[in-house]
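>>> Next one to model:
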Amino acid sequence: MKESSEKNSCKLCRREGKKLFLKGERCFSVKCAIVKRNYPPGVHGPKKKPRLTPFGIQLREKQKAKRFYGLREKQFQNYFQKAVQKTGDTGEIFLSLLERRLDNVVYRLGLAKSRKHARQLVSHGHFLVSGKKVDIASYQVRPSEIISINDHSKNDVFFLSLKEQDGSKEQLVGWLSLDWKNQDGKVIGLPKIGDFEHLDFDVKQIVEYYSK
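Residues are numbered from 1 along each chain as shown. Predicted coordinates:
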């Protein structure tokens with residue numbers, strides 16, 4: 001079952017032609033599917049990519065972002081609807097809501113191998129937010145909140161192995177800080193437009209897709 005799941009994850013990356021970082025360390029190695037077979041999955045092998053219409057481009061950007069964060073269509077669309085209802089740049093607010101999900105923050109802090117892994121760890125109760133256990137992956141973190149590992153989980157084999165890495169693989173962004181020794185992360189602000197430059201999809205295309 002695990003092998004099948006991993007193959008499906010690779011197919012998503014190959015379909016989009018981009019690394020979506022769905023499988024942790026494998027995505028950074030030569031075993032990555034994009035490195036080995038950078039073309040869409042299918043029995044006929046490499047073939048010329050079709051020219052996309054403006055709508056097709058918008059759809060592909062939406063699909064990339066949705067898969068990047070590991071969300072279902074309804075969940076993803078709900079975040080957009082929340083962003084529309086707020087005052088300000090819809091695209092920036094939309095990305096801020098996605099980035100501030102607890103599972104994404106755990107991954108960004110380097111406390112999980114992937115967003116999928118982070119979601120599992122959160123749902124199993126391995127993390128505290130400002131001292132209180134939170135097992136809801138979609139929880140929206142706020143400035144000044146501290147994300148820490150539950151005391152009962154600190155001796156878990158995975159978390160012990162992280163200490164040996166001395167923070168070399170953390171996915172930190174400007175609005176987060178990490179005390180690697182204690183493995184405590186802090187939300188030091190809200191994500192800003194400059195924090196999204198590394199994202200490999202165009203949020204403007206996604207806004208246009210949902211605005212029709």
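>>> For the spatially most central residue of the chain, which non-adjacent residue is closest in space?
For the chain, Tyr69 is the residue whose C-alpha lies nearest the centre (CA atoms, centre = their mean; 4.0 Å). Closest residue to Tyr69 apart from its sequence neighbours, by CB to CB, 6 or more residues apart in numbering: Leu98 at 5.3 Å. Using the backbone N, CA and C atoms, a C-beta is placed for each residue, glycine as well.
>>> pLDDT wise, what is that neighbour at?
For Leu98, the model assigns a pLDDT of 97.
>>> tell me which element it falls in.
Leu98 belongs to helix 90-99 when assigned by DSSP states H and E.
>>> hmm, back to that, and the residue nearest to Tyr69, how many neighbours does it have?
23 (other CB atoms under 10 Å).
>>> Just confirm it contacts Gly70, I think it does.
No - counting by CB atoms under 8 Å, Leu98 stays clear of Gly70, with 10.4 Å between them.
>>> Give me the domain ranges for the protein.
1-51, 101-187 (automatic domain parsing).
>>> If you average the pLDDT over the first one, what comes out?
Across domain 1-51, the average pLDDT comes to 60.
>>> Output stretch 102-110 as CSV, restricted to C-alpha atoms.
Only the C-alpha atoms of stretch 102-110 are listed here, as CSV (Å, rounded to 0.1, in the frame of the first residue of the first chain):
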residue,chain,number,x,y,z
LEU,A,102,-0.5,23.9,11.2
ASP,A,103,0.7,21.0,9.1
ASN,A,104,2.4,23.4,6.7
VAL,A,105,4.1,25.2,9.5
VAL,A,106,5.3,22.0,11.1
TYR,A,107,6.9,21.1,7.7
ARG,A,108,8.3,24.6,7.3
LEU,A,109,10.0,24.3,10.7
GLY,A,110,11.7,21.1,9.5
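>>> Fine by me, we can end here.
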